[in-house]
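> The sequence and its predicted three-dimensional model are supplied below.
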Amino acid sequence: TETRIVLLNVDLTTSGMFRCEVSGEAPLFQTATYTNVLIVVDLPDEGPVISGTLPMYSPGDILTANCTSYNSFPAATLNWYINGQVAPHRLLHKFKVVTSPQELTTSRLGLRLKVEKSLFSKTGDLKIKCTATIDPIYWKSNEESIQGFPKQSYINFGIQLLFHIPVLPNRSQF
């Protein structure tokens, strides 16, 4: 028959090699043992957090963002996606994992991307997504949609100024 063992009041130091031993009744007292590694996991309280972005970018701008997963054990593995595609390694900045006095870890992964017109969808947005994973039991993501606007040329800028300059009354009329 199936049986299970429930361990109560565990903490991160409970992790280790465990052995379960089952003995039969008299007169044979047959014994079966099974040994395995138990890893206690402390999952993050929330999904990954994206920080450092602006709401709008123009082609040629540099988008910098950080993805952070707070307070877990073991450390979460982070990944960036740009418009649904895995971000190339050359765009990523790996930070050292920070460990708290309680042995919980905070993971952070940076993204640095030169914004190109081709990255924007037909509706004018660019999607970046960060995932945090602790295999095989945890997977969360966060996504931002960033709007793009075209850079204006100096000629257009000058024309717009001409049309938007208010006409002020002559001071001699006062």
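That came through fine.
> contacts, neighbours, all on C-alpha from now
Fine.
> Helix or strand with the lowest mean pLDDT in this protein?
helix 154-164 (a mean of 44; mean pLDDT, DSSP states H and E).
> and T131, helix, strand or coil?
Per DSSP: H, G, I helix; E, B strand; the rest coil, the local secondary structure of T131 is strand.
> Okay, the nearest residue to it once chain neighbours are set aside and V6: tell me how far apart.
Leaving out its chain neighbours, the residue that sits closest to T131 by Cα to Cα, 6 or more residues apart in numbering is S141, at 4.2 Å. In this view, S141 and V6 are 31 Å apart by Cα to Cα, to the nearest Å.
> So for these two, which residue has more residues nearby?
S141 (18 against 4; other Cα atoms under 10 Å).
> mind listing the strands for the protein?
Counting by DSSP state E, the chain has strands at residues 16-23, 31-38, 49-51, 56-57, 62-72, 77-82, 85-86, 92-94, 98-99, 105-114, 125-134, 138-148.
> I'd like these laid out as JSON lines, including distance to V10.
Converted to JSON lines, those look like this (distance: least, Cα to Cα, whole Å):
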{"stretch": "strand 16-23", "distance to V10": "12"}
{"stretch": "strand 31-38", "distance to V10": "11"}
{"stretch": "strand 49-51", "distance to V10": "28"}
{"stretch": "strand 56-57", "distance to V10": "47"}
{"stretch": "strand 62-72", "distance to V10": "15"}
{"stretch": "strand 77-82", "distance to V10": "24"}
{"stretch": "strand 85-86", "distance to V10": "37"}
{"stretch": "strand 92-94", "distance to V10": "32"}
{"stretch": "strand 98-99", "distance to V10": "20"}
{"stretch": "strand 105-114", "distance to V10": "18"}
{"stretch": "strand 125-134", "distance to V10": "19"}
{"stretch": "strand 138-148", "distance to V10": "19"}
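> Can you lay out those strands as JSON lines showing mean pLDDT?
Output for the strands of the chain, formatted as JSON lines (pLDDT from 0 to 100):
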{"stretch": "strand 16-23", "mean pLDDT": "89"}
{"stretch": "strand 31-38", "mean pLDDT": "90"}
{"stretch": "strand 49-51", "mean pLDDT": "98"}
{"stretch": "strand 56-57", "mean pLDDT": "93"}
{"stretch": "strand 62-72", "mean pLDDT": "97"}
{"stretch": "strand 77-82", "mean pLDDT": "98"}
{"stretch": "strand 85-86", "mean pLDDT": "98"}
{"stretch": "strand 92-94", "mean pLDDT": "98"}
{"stretch": "strand 98-99", "mean pLDDT": "97"}
{"stretch": "strand 105-114", "mean pLDDT": "98"}
{"stretch": "strand 125-134", "mean pLDDT": "97"}
{"stretch": "strand 138-148", "mean pLDDT": "95"}
